[in-house]
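Colleague: Here you go, sequence then predicted model.
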Amino acid sequence: GEDVEQSLFLSVREGDSSVINCTYTDSSSTYLYWYKQEPGAGLQLLTYIFSNMDMKQDQRLTVLLNKKDKHLSLRIADTQTGDSAIYFCAESIDEMGSNSGYALNFGKGTSLLVTP
Amino acid sequence: EAQVTQNPRYLITVTGKKLTVTCSQNMNHEYMSWYRQDPGLGLRQIYYSMNVEVTDKGDVPEGYKVSRKEKRNFPLILESPSPNQTSLYFCASSFLGSPLHFGNGTRLTVT
């Protein structure tokens, strides 16, 4: 499929805010997701947003969705060294015409490095 | 504990020697899928399954087989592995229309 685009690297200082950006491809995607991958581990679902929402906040995480521009962002407030990981943006895709968005089309991931 | 379990975590094999990577989930999920993760390429879907005995190709199915004889298990089979299948593999599962849950990955090296 077409590519979900993310910048590859981001470096921030501990305590600052991090903003990871993503451009997705399918305007009919039902859900948009952020996954976190720590070294040697699988992907952990961080948060997701339904396509009819503009914003979702969950503790230190804020997701902003601009459907017109197909742009998704993840803001991490008060970034900690434990937030260092790879962050994947993903859009739900419609497999077998089911319109249920089971499968995901992933970006290549943004490596976030948090320095003390 | 609800989880997706893959085995083995690490595997080194030689070209042409058939292997199976197992995946099991205990959440009664209908949907299961296999992805491979490669540097610079992100995650690419290999095969998926909507339910028992229902499987279909993803974006990169060549060289792989799957089966779904039971709801909880979705093994990935490499009949004749080649070095270009050296990768990090993830199994994932979900209820239909819900977020995917991932296993911890299997790192495969084919020499």
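Modeller: Sure thing, it's come through. Keep in mind that what you see is a predicted model, and the values were worked out from it rather than measured.

Colleague: Pull the contacting residues for the nearest residue to A:Q37 once chain neighbours are set aside.
Modeller: In space, and not counting its chain neighbours, A:Q37 is closest to A:I86: 4.5 Å by Cβ to Cβ, 6 or more residues apart in numbering or on different chains. The way it works is simple: take the backbone N, C-alpha and C, and place the C-beta from them, glycine included. Contacts for A:I86 (Cβ atoms under 8 Å, 6 or more residues apart in numbering or on different chains) come out as A:K36, A:Q37, A:G109, A:T110, A:S111, A:L112.

Colleague: Give me the phi and psi angles of A:I86.
Modeller: phi -100, psi 130 (degrees, to the nearest 10).

Colleague: what pLDDT does it get?
Modeller: With respect to pLDDT, A:I86 has a value of 95.

Colleague: Looking at strand pairing, list the partners for it.
Modeller: Beta bridges link A:I86 to A:Q37, A:S111 when assigned by DSSP bridges.

Colleague: do A:I49 as well
Modeller: Note on A:I49: beta-bridge partners A:L32, judged by DSSP bridges.

Colleague: In this structure it contacts A:Y31, no?
Modeller: Yes. Counting by Cβ atoms under 8 Å, A:I49 does reach A:Y31; the two are 7.1 Å apart.

Colleague: Comparing the two, which residue is more hemmed in?
Modeller: Comparing A:I49 with A:Y31 by neighbour count (other Cβ atoms under 10 Å in any protein chain shown), the higher total belongs to A:I49, at 19 against 16.

Colleague: For that one, which residues are in contact?
Modeller: A:Y31, A:L32, A:M55, A:K56, A:V63, A:L65, A:L72.

Colleague: Can I have the buried ones of those residues as a PyMOL selection?
Modeller: Remark: buried members of those, expressed as a PyMOL selection using 16 or more other Cβ atoms under 10 Å in any protein chain shown:
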select buried, chain A and resi 31+32+63+65+72
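
Colleague: Quick one: the contacts of A:I49 as CSV, columns for secondary structure too.
Modeller: Converted to CSV, those look like this (DSSP: H, G, I helix; E, B strand; the rest coil):
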residue, secondary structure
A:Y31, strand
A:L32, strand
A:M55, strand
A:K56, strand
A:V63, strand
A:L65, strand
A:L72, strand
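
Colleague: Tell me the one among the contacts of A:I49 nearest to chain B.
Modeller: Proximity of the contacts of A:I49 to chain B was ranked by Cβ to the nearest Cβ; the top entry is A:Y31 with 7.4 Å.

Colleague: of the contacts of A:I86, closest to chain B?
Modeller: Nearest to chain B among those: A:G109, at 5.9 Å, using Cβ to the nearest Cβ.

Colleague: can I assume that closest one is in contact with B:G42?
Modeller: Yes. Assessed by Cβ under 8 Å, A:G109 is found in contact with B:G42 at 5.9 Å.

Colleague: neighbour-wise, which of these two wins?
Modeller: Comparing A:G109 with B:G42 by other Cβ under 10 Å, the one with more neighbours is A:G109, at 26 against 21.

Colleague: how near is the nearest residue to the more buried one once chain neighbours are set aside to A:L74?
Modeller: Leaving aside its chain neighbours, A:G109 sits nearest to A:I86 (4.4 Å; criterion: Cβ to Cβ, 6+ apart). Look at A:I86 and A:L74: by Cβ to Cβ, to the nearest Å, they are 12 Å apart.
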